[in-house]
Structure formats: C-alpha cells, structure tokens
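1. I'll drop the sequence and a predicted model, then ask my questions.
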Amino acid sequence: MPAHITLDGLSYATPDGRVLLDNLTLAFGAERTGLVGRNGVGKSTLVRLILGELAPGAGTLTVRGRLGVLRQALAPPPGASVADLLGVAAPLARLRRIEAGEGSEDDLAEADWTLEPRLDAALAEVGLPGLDLARPAASLSGGQSTRASLAGLLAAEPDLLILDEPTNNLDAAARDLVAEVLGRWKGGAIVVSHDRTLLRRMDRIVELSSLGAEVYGGDYDLYAARKAEAEAAAVRDLADAQRGALRAAREGQVALERQARRDAAGKRSRARNDAPKILLDARQDRAEATGGRIRHLADRKASEAAEAVSAAEARVERVRRLAFDLPPSGLPAGKLVLSMEQAAFAWPGGPALLAGVDLRITGPERVAVSGPNGSGKTTLLRLAAGELAPTAGQVTRGARTAFLDQQTALLGQDASLVEAFRRLTPAASENAARAALARFLFRNTAADKPVASLSGGERLRAALACVLAGEAPPQLLILDEPTNHLDLDSIGAVEAALRGYDGALLVVSHDQDFLEAVGVERTLRLPDMAEEAKR
C-alpha cells in the first residue's frame, strides 16, 4: 500500500487555550506538498503532530510508511561526526566490524549492505561528493550541514520527506540544489517553506489559515494566482452580501412605514365614525394582520441577509494584513551614498574575510551583494554600516544609514518595544512612539511587548518602525537576509513598501524573487574567500 498521512477532524490548542488547528481534515500522499501560511498559524505544530511529538486534542491522525525529517535547527551535539549528523554512524560501525571479522550474528542479520553506495550517491546529489564521514560535524558550515542532513535522508530512502524551512541558511547555489533534489524526488514530501523557488517544485500547495486548510493543485505561481482570485471573489461576495443586507433593511422599513400610514388613515376614519362599527373592526383586524405579516417578512429578509453576510465574512480571513508606506528620505539623485575603494577586512592574526572590494552607490540606487556562504557578504554590510573599520582600503559614507542585520540587534533584548523605539529616537515622545509603532501594526498593548518575545517577522517589522519612523529616516537602508523569517504575506508587504522607498538599498538576499520585486539594479558578486586562500 502507498505511504500516506491522514488527518480526520484534527484539533489542537496551546496550553493557554489558543486554538491553532480546528477540525482539520487533510491527507498527504506521494505528491510533493508545500505547506504555507502566516507565522503562528500552526505549520510547525502540524509537523510535530504528524511526528508524534504532540498529541491532538481531538480527531485522529494516521501515518503509514517511514518518515524522513529535516528540521530547521541542525546544530550537532558536541563531538558528533558527519556520520552522526547523517544518522548512519551505527550502521556504518556495524559494517566496519563485519569487515574486520569482528561482527556478531546480530551484525550479520542487520547489516545494510547497500548503505555505502547509497550514501555516496546521496552526497553527490546534494553537492558534497567524497565528504569525509569521520569529519567533525561542527566543522561544517550551516549550508553544508543542511545538505549533508538531506543526503542522510535520501540514503535512508523514506516513504515521505518532511522538510522544515530547508533553505533558510543556504546560499543561492545551495538553495537551487535543494530545489533540484526535491524536483527529482519520487516519493511524498511535506515542505514547510516561504522559499518561492522551492515552492515552484511542488505538486500542490496547502495553505493553513484561521479558516482551516485550503488545497491548491499545482506549484507556487498557480497557487498565488488562484489565491488572489479567491480572495477577490470573497471580498466581492462580502460587499454584495452587505449591500443586500442594507437593501433588505431599507425595503423592510419602507413597507412598515407604508403600513403605518394606512393604519393611521384607518384610525382617523374610525375617529370620524363615518362607517359602521362592524366594518371598522374588520378593517382594524385586517390592518393588524397585514402589519404582522409585513413585520414577519421584514424580519425574515433581515435574518437571511445577516446569514449571507456572516457566510461571506467566514470566507474572508479576518486578520490584520501588514501594509505600510515608508516616509521620504529626501535623498538627492546625485548624492554619493557609499564608496568602497579596495576595501578589505581581517581580524588580527586571522585570514582575510574580505579583500579588494570596490563599490560606489549614488542616489537611490539599489544594489545586491551575492556570493557563496563564507564570501564575506555580512562583513561587507558591516563595513558599509560603520560597524567595522576596514583593515585596508577606504570606506566613505555620505548619507544617513541604517543597518538591519538578521538578528535585528539594534532593538536590544532587555526592553519593551516602545522603550526600544524611544532609545533609538530620543526626540520622540511616548505618544509619538506609540503612533509610529501603530503604523507598523504594533497597536495598543502590542507596543509594550518585550523585544525578546517577538517572532522573527515581528522583529523585522519593529526594526523598520524604529529606523524609518523617526524625524530623519535613513537615506541608505542596509538589509541582511530580510525575508529569512517572514511568511509569504509579510514578504509581499515588505516588498511593496521597499518599492515605494525613495532611498538607496544595499541588500544581501538569496531570494531572487525579493530582489526583483524591490527593483535591484545591479549585483556585486563576491568570490569564495576560502577558495581564494587556496590559490
């Protein structure tokens, strides 16, 4: 029987009672499924439920087949080898004992005789041919660890792969390689990701939201188009239902007012005593019956209209969408923003992290910095921001600059968000700080949240608020992997805001869709410094 995962009426709530998944019915089989949704909607919780790490509050979950899991956190334990990272240390040790003539009957019975050729093929597939399995796992870069772990999964030949943000810490070449590996994968896969290049390799997209799960056949581009159509239709249906409710209310009111005028005329006629009493009584009875029917009809139409509005509202997800405009920086077109002339950097006694960089940004130019992991991209950004001084060459900054690193360290950790804002913008009053934060969707008590409690997406939004909503917005905005912790909707909002920003951009991002969306005009490509040192 083919492997599959089935969820039937599955529900789960956090220990504090917040419902994440409610009556979810869904199935995963041999297709490659991209699992998307806003941060906090329950994607990682669903993965943990599938893996048996959490128990559902209601419903059933059935898993048939062997699962292979690649998690976001790949930090190996102290002393672990690459073989440990790949999960093959024990079976390899068994084979070594057999080769040395020291194998037991259990070793012979459990030996995986094809493991080594499968490992060789899997390592080659992920771009790590000949990797020494005895090498300390801690000596691998983050990207190498991800690719090695993926090779271990491929060699294990599971029925279904579960990958949680597998490309988050990879350079562009490694991201493309993972996408290609998944494109060739013949088994089932559940891929939690906001990497649009990777999602284009999927057979279908499942979107989790407060409304449940919606399944879209096809890859990311088809999903995005169909979702936009569905959202537009839902909004139109809601508007139509609301207009229908107003129309029903008006028509009901007109009918009641018309009947009220007839009743008033009947009362005047009765007061004049110009008809027999029996006839007047009959008229009054008919009027009261008619009035009752009109009220009943108006109530029924109003109730039906309200139900239509309620049903339409249920199809429109009620969440606050991240949307903001960046204030003008006032950057003149011809102003020199940043200049690097043969800039280099190395820590005392250490190898060069960056060497011979020439870069010039004038006016509101948009420049991307690319290169493999270890090529010095973040070092270059820190030189541009003034956090580091070059050990050779020259760096000149000619405009107000703000640097948002991956950890958004400028926010600190020991204060509330409004306190962090006022520390970074001393001239702002508390009311002004709260008003500025509200524009970035930190409204009311959200501005009092501790910085340490913010999610990755919230931290970026908060950092943008702090550096852009002050009295003098930066004219050069430096961004280091800004989309790494954002969901697809938030990425779209940041892209839209940066498209309207009138300052200069210097950005490191492996997300090609993002670079195209924000209008990057040219790219500075850095060489691999480790390879340069070998030459």
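-> Great, that's in hand. Numbers count the residues shown, from 1 in each chain.

2. Would you mind measuring from Ala137 to Val82?
-> 5 Å (CB to CB, to the nearest Å). For glycine as for every other residue, the C-beta is placed from the backbone atoms N, C-alpha and C.

3. Settle it for me: which of these two has more neighbours?
-> Shown here are Ala137 and Val82; by other CB atoms under 10 Å, Val82 has more neighbours (27 against 23).

4. Tell me if I'm right that that one and Ala138 touch.
-> No. Shown here, Val82 and Ala138 do not form a contact pair, counting by CB atoms under 8 Å, at 10.0 Å.

5. shared neighbours of Ala137 and Val82, which are they?
-> The contact sets of Ala137 and Val82 overlap at Ala148 (CB atoms under 8 Å, 6 or more residues apart in numbering).

6. Could you pull up the residues touching Leu128?
-> So Leu128 contacts Gln144, Arg147, Ala148, Ala151 (CB under 8 Å, 6+ apart).

7. could those be laid out in JSON lines, adding secondary structure, pLDDT and neighbour count?
-> As requested, these are exported to JSON lines (DSSP: H, G, I helix; E, B strand; the rest coil; pLDDT from 0 to 100; neighbours: other CB atoms under 10 Å):
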{"residue": "Gln144", "secondary structure": "helix", "pLDDT": "81", "neighbour count": "21"}
{"residue": "Arg147", "secondary structure": "helix", "pLDDT": "85", "neighbour count": "25"}
{"residue": "Ala148", "secondary structure": "helix", "pLDDT": "88", "neighbour count": "24"}
{"residue": "Ala151", "secondary structure": "helix", "pLDDT": "90", "neighbour count": "27"}
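
8. and which of those is nearest to Gly412?
-> Gln144 (31.9 Å; CB to CB).

9. The longest helix seen in the chain - what's its average pLDDT?
-> The single longest helix within the chain, with elements called by DSSP state H, is helix 220-272. Taken as a whole, helix 220-272 carries a mean pLDDT of 76.

10. Can you name every helix or strand that it contacts?
-> Packing partners of helix 220-272 (3 or more CB pairs under 8 Å, 6 or more residues apart in numbering; DSSP states H and E): strand 32-36, helix 196-199, strand 204-209, strand 212-217, helix 277-314.

11. Least confident of those, on average?
-> Mean pLDDT per stretch puts helix 277-314 lowest among those, at a mean of 65.

12. Which SSE is immediately downstream of it?
-> Counting by DSSP states H and E, the element after helix 277-314 in chain order, helix or strand, is strand 336-346.

13. What are the buried residues along the following helix or strand past that following strand?
-> Going down the chain from strand 336-346, the next helix or strand is strand 352-362, by DSSP H and E. Buried positions in strand 352-362, judged by neighbour count with 16 or more other CB atoms under 10 Å: Ala352, Leu353, Leu354, Ala355, Val357, Leu359, Ile361, Thr362.

14. and if you look at stretch 432-450?
-> Within stretch 432-450, the residues scored as buried using 16+ other CB under 10 Å are Ala432, Ala433, Arg434, Ala436, Leu437, Phe440, Leu441, Phe442, Ala446, Ala447.

15. What's the separation between the last one and Ala427?
-> Counting by CB to CB, the separation of Ala447 from Ala427 is 18 Å.

16. Also Asp107?
-> To Ala427, Asp107 is 73 Å away according to CB to CB.

17. So what's the residue count around Glu471?
-> Using other CB under 10 Å, Glu471 has 10 neighbouring residues.

18. Name the SS class of the closest residue to it other than its chain neighbours, please.
-> Distances taken as CB to CB, 6 or more residues apart in numbering place Ala427 nearest to Glu471, at 5.9 Å, with adjacent residues excluded. Of the three states, Ala427 takes coil under DSSP: H, G, I helix; E, B strand; the rest coil.

19. Surely Ala427 touches Ala469?
-> No. Ala427 is beyond contact range of Ala469, at 11.9 Å (criterion: CB under 8 Å).

20. how about the nearest residue to Arg434, chain neighbours excluded?
-> Ala447 (5.2 Å).

21. where does that neighbour land on pLDDT?
-> Here the pLDDT value assigned to Ala447 is 89.

22. if we can go back for a sec, tell me which of Ala427 and Ala469 has more neighbours.
-> The residue with more neighbours, out of Ala427 and Ala469, is Ala469; 23 against 9, by other CB under 10 Å.

23. ok, that one touching Phe440?
-> Yes. Ala469 is within contact range of Phe440, at 7.4 Å (criterion: CB under 8 Å).

24. From the structure, what's the count of residues near Gly334?
-> Per other CB under 10 Å, the neighbour tally for Gly334 reads 7.

25. roughly how far apart are the nearest residue to it once chain neighbours are set aside and Asp112?
-> Counting by CB to CB, 6+ apart, Gly334 lies nearest to Gly363, which is 5.9 Å off, once chain neighbours are set aside. Separation of Gly363 from Asp112 (CB to CB): 61 Å.

26. And Ala189, by the same measure?
-> Distance, Ala189 to Asp112, using CB to CB: 23 Å.

27. Would you mind telling me which of those two has more residues around it?
-> Counted by other CB under 10 Å, Ala189 and Asp112 do not tie: Ala189 has more neighbours, with 22 against 14.

28. which residue packs closest to Glu481, ignoring adjacent ones?
-> Using CB to CB, 6+ apart, the closest residue to Glu481 is Gln406 (5.1 Å).

29. for Val518, same thing?
-> Closest residue to Val518 apart from its sequence neighbours, by CB to CB, 6+ apart: Leu498 at 4.3 Å.

30. Could you report the pLDDT at that neighbour?
-> 87.

31. doesn't it fall inside a helix?
-> Yes. Counting by three-state DSSP, Leu498 is part of a helix.

32. mind checking how far it is from Arg459?
-> Here Leu498 is placed at a distance of 17 Å from Arg459 (CB to CB).

33. Same check on Leu353?
-> 26 Å.

34. Same check on Leu86?
-> Using CB to CB, one gets 33 Å for the distance from Leu86 to Arg459.

35. One more: Arg48?
-> Separation of Arg48 from Arg459 (CB to CB) stands at 23 Å.

36. With Gly101 instead?
-> Taken as CB to CB, the span from Gly101 to Arg459 is 57 Å.

37. same check, this time on Ala233
-> The gap separating Ala233 from Arg459 is 34 Å, by CB to CB.

38. now do Ala58
-> Counting by CB to CB, the gap from Ala58 to Arg459 is 34 Å.

39. The two: who's more crowded?
-> Between Ala58 and Arg459, counting by other CB under 10 Å, Arg459 is the more crowded of the two (20 against 13).

40. Grab the nearest non-local neighbour of that one.
-> Counting by CB to CB, 6+ apart, Arg459 lies nearest to Thr408, which is 4.4 Å off, once chain neighbours are set aside.

41. Quick one: the helices in the stretch 1-150 of the chain, in order.
-> Under the criterion DSSP state H, counting those that start in this stretch, the stretch 1-150 of the chain contains helices at 43-50, 82-86, 89-99, 105-110, 115-125, 142-156.

42. just for the stretch 301-450 of the chain, where's the confidence low?
-> Confidence mapping of the stretch 301-450 of the chain against pLDDT under 70 gives the ranges 301-302, 305, 309, 311-326.

43. can you do 50?
-> Along the stretch 301-450 of the chain, the model assigns pLDDT under 50 to residues 319.

44. do you know how far Pro351 is from Asp480?
-> 21 Å.

45. The two: which is more packed in?
-> Neighbours were counted for Pro351 and for Asp480 using other CB under 10 Å; Asp480 has more, 22 against 11.
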